[in-house]
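[1] Below is the sequence, then the predicted model.
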Amino acid sequence: MKTPPLQQFIRFVWISAVIAVFIHLINYMGSGLTVNYLTNYKYLLVNFSYAFIIGIFNITFITLIQSKFSWREEPKTLIVLGILGTVIVSVLGFFIARIVHSLWIYGYTFQYFLNNESLTSYIFAVLIAIIVSLAFHAYYFYKFGADAELKAQKEIVEHTKAKHKALQDQLDPHFLFNSLSVLASLIEEDPKRATEFTTSLSKVYRYVLDQRQEDVVSLSSELDFAKVYLNLLAMRFEDSLSYSINVTDETAFTIPLSLQLLIENAVKHNKVTERQPLHIEIFKTESFLVVQNNVNPKAQESNRNGIGLKNIKNRFEAFTEIPIQIEKDATKFRVKLPLIKNQYA
């Protein structure tokens, strides 16, 4: 939970006070342990003003640049701007603190302040600012690297979980049960089609077994599998289901069995009857493989609606920054799968 601004301010005041006391004690020991120095409150006020003003300037500047730039996407920009900027604002803060020191705490005139300013004081301030800034940005760069490594490990774990879950979800037992029922009918009615159906069914399960350890597969092999799978469904539903595949360039890659899950979802969540046939289209755009079907929703949707799509999203996120797009209108439902350009992406 983010700390409220007022609490942050109060905490910073306390930090500045602690720094002021610490510097005061060091100076006290350097002055020969004189009691007059220890009890002089103006020295404490001076130390506090420097710590507080320079700190406020730097915190404001760092908050500003971190709101504009990301450590993950632009670390070099943040480092360069951070180091140069903190030096500049530290010197500016040092100048303001010296005004407070001279005019407010000690009551000197502004002209007296200007007459007694020297370049040496600011050189010292610049050196201190550079050292502090380098230490600060080295810490944040290390923290960014550690966070990035942790995020990468989490992504690997999540991808493994998603992949395992995807394999569990593939080819619902109902699919096998329905396929065997269709096969039993075909054996009596049309032995030749029964043989074709058996061959296609074996190809489907062979593909599942062959691709279960793969992260990505060629688009051509996934489309070949989709054709076999759709042929099985077309034999099962006959005139109630039709499909078209219009993909000419098959050089990209995709997640294995992603088409099967989308086709299965289309059958699961829509009516597939002669009066309300289901038509599934697969086609390719410049950046996406699109699976589209007409909408004939069943009266009661499955409680697991959306889980399969979420699983596919998680698996694609490990290989491409382009998100899956899901679109639905009154007549069409489509899912756009981003094309993976490199097999080892």
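    Okay, I see it.
[2] end-to-end on stretch 33-51?
    By CA to CA, to the nearest Å, the extent of stretch 33-51 from end to end equals 23 Å.
[3] residues contacting the residue nearest to Asn231 when sequence neighbours are not counted?
    Nearest non-adjacent residue to Asn231, counting by CB to CB, 6 or more residues apart in numbering: Ser200, 5.6 Å away. (Glycine included, C-beta is placed from N, CA and C.) Counting by CB atoms under 8 Å, 6 or more residues apart in numbering, Ser200 makes contact with Val228, Asn231, Leu232, Met235.
[4] 7 Å instead?
    Val228, Asn231, Leu232 (CB atoms under 7 Å, 6 or more residues apart in numbering).
[5] Redo those as CSV? Include pLDDT, distance to Ile19 and secondary structure.
    Converted to CSV, the contacts of Ser200 look like this (pLDDT from 0 to 100; distance: CB to CB, whole Å; DSSP: H, G, I helix; E, B strand; the rest coil):
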residue, pLDDT, distance to Ile19, secondary structure
Val228, 91, 73, helix
Asn231, 90, 76, helix
Leu232, 88, 75, helix
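[6] Neighbour count added to those residues, as TSV?
    TSV is the format used below for these (neighbours: other CB atoms under 10 Å):
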residue	neighbour count
Val228	17
Asn231	16
Leu232	21
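[7] Return the closest of the residues you listed with respect to Ser16.
    Val228 (72.1 Å; CB to CB).
[8] how far away is the closest one from Gln66?
    With distances taken as CB to CB, to the nearest Å, Val228 is found 53 Å from Gln66.
[9] Any buried residues in stretch 180-192, and which?
    Val182, Leu183, Leu186 (16 or more other CB atoms under 10 Å).
[10] contacting residues for the last one?
    In this structure, Leu186 makes contact with Arg193, Ala194, Phe197, judged by CB under 7 Å, 6+ apart.
[11] Please identify which of those residues is nearest to Ile15.
    Nearest to Ile15 out of the contacts of Leu186 is Phe197 (CB to CB; 76.0 Å).
[12] What is the burial count for the closest one?
    Neighbourhood size, Phe197 [other CB atoms under 10 Å]: 21.
[13] Check the offset of the host helix or strand of it from the chain's centre.
    Assessed by DSSP states H and E, Phe197 sits inside helix 191-211. Relative to its parent chain, helix 191-211 has a centroid offset of 40 Å by CA atoms, centre = their mean, to the nearest Å.
[14] just stretch 224-235 next, same as before
    36 Å.
[15] Stretch 55-67 too?
    25 Å.
[16] do the same with stretch 51-64
    The answer for stretch 51-64 is 29 Å, by CA atoms, centre = their mean.
[17] what does that stretch rub up against?
    Here stretch 51-64 has contacts from 12, 16, 19-20, 82, 85-86, 89-90, 92-94, 96-97, 100, using CB under 7 Å, 6+ apart.
[18] By pLDDT, give me the weakest of the residues you listed.
    Lowest pLDDT among these: Phe12, with 68.
[19] the helices in the stretch 201-345 of the chain, which residues?
    In the stretch 201-345 of the chain, the segments counted as helices under DSSP state H, counting those that start in this stretch are 219-237, 258-269, 307-317.
[20] so which of the ones you listed gets nearest Leu33?
    helix 307-317 (64.2 Å).
[21] circling back: relative to helix 219-237, how tilted is the helix holding Phe197?
    Our comparison of helix 191-211 with helix 219-237, counting by axes from the mean of the first three to the mean of the last three CA atoms, to 10 degrees, yields an angle of 140 degrees.
[22] quick one, helix 191-211 and helix 258-269 angle?
    Using the same axes, to 10 degrees: helix 191-211 against helix 258-269 is 120 degrees.
[23] ok so, going back, among the contacts of stretch 51-64, name the buried ones.
    Judged by 16+ other CB under 10 Å, buried ones among the contacts of stretch 51-64: 16, 19-20, 82, 85-86, 89-90, 93-94, 96-97, 100.
[24] for Val217, what are its contacts?
    Counting by CB under 7 Å, 6+ apart, the residues that Val217 touches are Gln211, Phe253, Thr254, Pro256.
[25] Wait, the last one touches Glu214, no?
    It stands for Pro256. Yes. Pro256 is within contact range of Glu214, at 5.2 Å (criterion: CB atoms under 7 Å).
[26] if we can go back for a sec, out of the contacts of Val217, what pair is the most spread apart?
    Among the contacts of Val217, Gln211 and Phe253 lie farthest apart (CB to CB), at 12.1 Å.
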